[in-house]
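> need coordinates for the below:
(one chain, ligands or ions: 1)
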Amino acid sequence: MRLLRPILSLVLVLVTTLLVSCSGPSQAKIPTVYSPEKIVQLQSYREPIASARESMETLKGFIQEQNWTDTRTFIHGPFGALRQDMSIASKKLLQKDQKPAQDLAKELFGHFEKIDAAAKARNSLLAQEQYIEAIKDFDSYLNLIPTNN
Ligand code: ZN
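Residues are numbered from 1 along each chain as shown. You can find the predicted model right below:
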């Protein structure tokens, strides 16, 4: 009995410490800024997305020429991997940026679907309008991934 009391209080201390460290300020451990190392790491995720953004110019050309076959092929082809690239990159961002990035990616693909539908319907105006919206979301997405320059 004499030994039990200190053991009990030790157990109590341990339990309290555990509880505090679990339910406690776990929020404080989540980084809110990008470390230089993290920024370097993110570049390999950013690169394929940035190059897809550059290829949007090709899509723009097809839409301007009202080349609907190539417009549709382009959306279904080269952009196939983009969805996955964006999904992976989103998860590498700071926690606060993950949801906005995922939402923007979802928006972007919504615009691609509408461009596809516009191409199918040979609706030049709608295709151009949706292209502009896609560019906006694409750039907002890229702006969420920090760069060194
Ligand atoms: Zn949008």
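> can you check which helix is longest in this protein?
helix 95-120 (DSSP state H).
> which parts of it are buried?
Of the residues in helix 95-120, 101-102, 104-105, 107-109, 111-112, 114-116, 118-119 count as buried by neighbour count, 16 or more other Cβ atoms under 10 Å. No exception for glycine: its C-beta is placed from N, CA and C like everyone else's.
> nearest to the ion, of those residues?
E107 (3.9 Å; Cβ to the ion).
> dump the residue contacts of the closest one.
D137 (Cβ atoms under 8 Å, 6 or more residues apart in numbering).
> and with 10 Å instead?
E133, A134, K136, D137, F138, S140, Y141 (Cβ atoms under 10 Å, 6 or more residues apart in numbering).
> out of those residues, which touch the ion?
When Cβ under 5 Å from the ion is applied, the members of the contacts of E107 adjacent to the ion are E133, D137.
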